[in-house]
Structures are given as structure tokens and as C-alpha cells.
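> Coordinates for the following, if possible.
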Amino acid sequence: MKPLASLYAVGARTPFGSNAEETALRIRTGLPALTSAPLASPDGGAVTMGLDPVQDPYVVGEDRAARIAALALSEVSKRLEKPRDL
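Next comes the predicted model:
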């Protein structure tokens, strides 16, 4: 049977870790990643979020998603530059 896809590299930037390995390890150990955000909901209530500790917490929406995606894609790019034997 011919494989449908091949996986060559992964990248992740999450509240759990700054790369794919850290994220996987911390999820497996059950560490919490949610914390109080410095933002308020429309009714003034507290907001709980999973925050990337090095990202500006006041950058939200598409700008925040683009910054985090760029970091994950950078990780993938670095991994593809140095292929490893499987």
C-alpha cells in the first residue's frame, strides 16, 4: 500500500512549550497551561488563556496568531535544513 503522506518535520509554539518537544513532554506530564490573562471579557470578567510567555499578552487575534505561526514555521524550517536519518 502506498503511503498517503510523509512527515519530515514538525513545529509547535504553545503555552506548554516553545517547540514541539517541550510541548509534547509537558502535555504528557499533565502540566497546566492556563492562566489569568491581563485582559477582561466584554462584561468585565476575568479571562483565562493559554499564553505564550514570551509573546506580548496584549497582542490578540490575527496578529497574535501570525506571530506564533511564524515561530512554529521557523522551527520546521530549521529542522528541514538539517535532515536526520530515520
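> quick one: the longest helix anywhere in the chain to chain centroid distance?
Across the chain, the longest stretch assigned as helix under DSSP state H is helix 61-81. What separates the centre of helix 61-81 from the centre of its chain is 9 Å, taken as C-alpha atoms, centre = their mean, to the nearest Å.
> Just the buried residues of it, please?
Of the residues in helix 61-81, those with enough neighbours to count as buried (16 or more other C-beta atoms under 10 Å) are 64, 68, 71-72, 75, 79. (Each C-beta comes from the backbone N, C-alpha and C, glycine too.)
> per-residue confidence averaged over the host helix or strand of residue 27?
Secondary-structure assignment from DSSP states H and E places residue 27 in helix 20-29. Averaging pLDDT along helix 20-29 yields 88.
> where's residue 38 relative to residue 57, distance?
Distance of residue 38 to residue 57, computed by C-beta to C-beta, to the nearest Å: 5 Å.
> tell me what the lengthiest strand in the chain is packed against?
Using DSSP state E, we find that the single longest strand of the chain is strand 34-40. Using 3 or more C-beta pairs under 8 Å, 6 or more residues apart in numbering; DSSP states H and E as the contact criterion, the secondary-structure elements in contact with strand 34-40 are strand 46-50.
> Show me the contact partners of the strand it packs on.
14-16, 33-37, 39-41 (C-beta atoms under 8 Å, 6 or more residues apart in numbering).
> Each with direction, which strands does that strand pair with?
Sheet pairing for strand 46-50, assigned by DSSP bridges, gives strand 34-40 (antiparallel).
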